[in-house]
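Colleague: show me the folded form of this:
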Amino acid sequence: MDDVEGARTFGVAGATYDSFMGRYSRPLAAQFADAAGVRGGHTAVDVGCGPGALTAVLVDRLGAEAVAACDPAPGFVQECAARHPGVVVGLGRAESLPFETGRFDHALAQLVLHFVSDPELAARELMRVVRSGGTVSACVWDFDEGMEMLRSFWDATLDLDPDAPDEARTLRFGRQGEIVQLFERVGLVDVAESELRVESQYVDFDELWNGFLAGVGPAGAYCTSLADDDRQRLHRALFERLGRPGGSFTLGAVARCAVARNPG
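Modeller: Okay, the predicted model is just below:
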């Protein structure tokens, strides 16, 4: 398949992703499934599944036979399939889902819309694979204020490099109403928006910093692209911005969530 811009910075092992972002996406997944109204007897597809944080919640609630998933990163497809035997996991991008029309009760995209190349086409594809009356749901991080790990990183970065590719500038749908507007443009109805809040505890600053050194996502890619001296300056700037933590500390995250109905 064609290279997908949003997948380029996620070519890492599932365990590596888990240590950086999975620590947030796993607790987020349960809240997201609640917001979408996923319950026993339904069928669901996890679009942009990564190594399978949301897939795990769907399998727990619905059973593997009722769940499908897809991702544009081949490594994540393999990882998700290995972690969740019985789930149909395909290689595919949100703009061209490898599933038939009207197959599912729910299509869910967790932390995906930020990275798609054509958001309206992706939303139409989510709508296409859901039956009449089924639900389409998406959630993304609020990069302006709500995702403390990434916001702290980019604020420290901007102090050193005002032209750095801050995700609040470069990515979409992290502000109130943006997913709602997208869903309404493609014809989804009864759109409801909410905030989902999670947090993660770090043993120490090194645990946080090592996540960026793994090169996951736009922040990790930027961090690993720096020369050694610049990376050390960023290390010090982020440490200062977080209050020079000497031991464990907790960072919170807010996701923007929208759930809509396919009118059929």
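Colleague: only C-alpha atoms from now on, for both contacts and neighbour counts.
Modeller: Will do.
Colleague: which stretches of the protein form helices?
Modeller: Per DSSP state H, the chain carries helices over the ranges 14-17, 23-36, 53-62, 74-83, 119-128, 148-160, 167-170, 178-185, 205-213, 217-225, 228-241.
Colleague: got phi/psi on the residue nearest to S248 when sequence neighbours are not counted?
Modeller: Among residues not flanking S248 along the chain, V203 sits closest, at 4.4 Å (Cα to Cα, 6 or more residues apart in numbering). Dihedral angles of V203 (phi, psi; degrees, to the nearest 10) stand at phi -60, psi -40.
Colleague: V203: neighbour count?
Modeller: By other Cα atoms under 10 Å, the residues close to V203 number 13.
Colleague: buried set for stretch 93-103?
Modeller: Across stretch 93-103, burial judged by 16 or more other Cα atoms under 10 Å covers R93, A94, E95, L97, P98, F99, G102, R103.
Colleague: can you give me the end-to-end span of that stretch?
Modeller: 17 Å (Cα to Cα, to the nearest Å).
Colleague: mean confidence for it?
Modeller: In this model, stretch 93-103 has an average pLDDT of 96.
Colleague: and the contacts of it?
Modeller: Here stretch 93-103 makes contact (Cα atoms under 8 Å, 6 or more residues apart in numbering) with 4, 47-48, 70-72, 90-92, 116-119, 121-123, 125-126, 128-132.
Colleague: need the buried ones from the residues you listed selected in ChimeraX.
Modeller: Restricted to buried positions by 16+ other Cα under 10 Å, the ChimeraX selection for those reads:
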select :4,47,48,70,71,72,90,91,92,116,119,122,123,125,126,128,129,130,131,132
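Colleague: please tell me how far D105 sits from V88.
Modeller: 16 Å.
Colleague: settle it for me: which of the two has more neighbours?
Modeller: Neighbour totals were compared for D105 and V88, and D105 leads with 21 against 17 (other Cα under 10 Å).
Colleague: spit out the contact partners of that one.
Modeller: Applying Cα under 8 Å, 6+ apart to D105 gives the contacts H42, T43, A44, V130, R131, G133, G134, T135.
Colleague: are any of those residues buried, and which?
Modeller: By 16+ other Cα under 10 Å, the contacts of D105 give H42, T43, A44, V130, R131, G134, T135 as buried.
Colleague: does the first one touch A64 like I think?
Modeller: No: look at H42 against A64 with Cα atoms under 8 Å: they stay out of range, at 11.4 Å.
Colleague: which residue is the nearest non-sequential neighbour of R39?
Modeller: Distances taken as Cα to Cα, 6+ apart place R61 nearest to R39, at 6.2 Å, with adjacent residues excluded.
Colleague: count the residues that sit near that neighbour.
Modeller: When neighbours are counted by other Cα under 10 Å, R61 registers 19.
Colleague: list the contacts for it?
Modeller: V38, R39, G40.
Colleague: distance check, it against A82.
Modeller: Distance of R61 to A82, computed by Cα to Cα: 19 Å.
Colleague: for S200, see how far away the nearest residue to S132 once chain neighbours are set aside is.
Modeller: Closest residue in space to S132, ignoring its immediate chain neighbours: G264 at 4.0 Å, by Cα to Cα, 6+ apart. Distance of G264 to S200, given as Cα to Cα: 39 Å.
Colleague: check the residue nearest to S248 and give its pLDDT.
Modeller: Looking at V203, its pLDDT reads 96.
Colleague: now swap in A13 and tell me
Modeller: pLDDT, A13: 60.
Colleague: ok, now V4?
Modeller: Note for V4: predicted pLDDT of 40.
Colleague: hmm, L108 and V140 touching each other?
Modeller: No: here V140 lies out of contact with L108, judged by Cα under 8 Å, at a distance of 11.4 Å.
Colleague: can I get stretch 170-178 as PDB, trimmed to CA atoms?
Modeller: Only the C-alpha atoms of stretch 170-178 are listed here, as PDB (Å, rounded to 0.1, in the frame of the first residue of the first chain):
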ATOM      1  CA  THR A 170       0.600  21.000  12.700                       C
ATOM      2  CA  LEU A 171      -2.200  18.500  13.600                       C
ATOM      3  CA  ARG A 172      -5.900  18.900  13.400                       C
ATOM      4  CA  PHE A 173      -9.000  18.100  15.500                       C
ATOM      5  CA  GLY A 174      -7.500  18.700  18.900                       C
ATOM      6  CA  ARG A 175      -9.800  21.700  19.600                       C
ATOM      7  CA  GLN A 176     -13.400  21.700  20.800                       C
ATOM      8  CA  GLY A 177     -16.000  21.300  18.000                       C
ATOM      9  CA  GLU A 178     -13.600  20.200  15.300                       C
END
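Colleague: no further questions, thank you.
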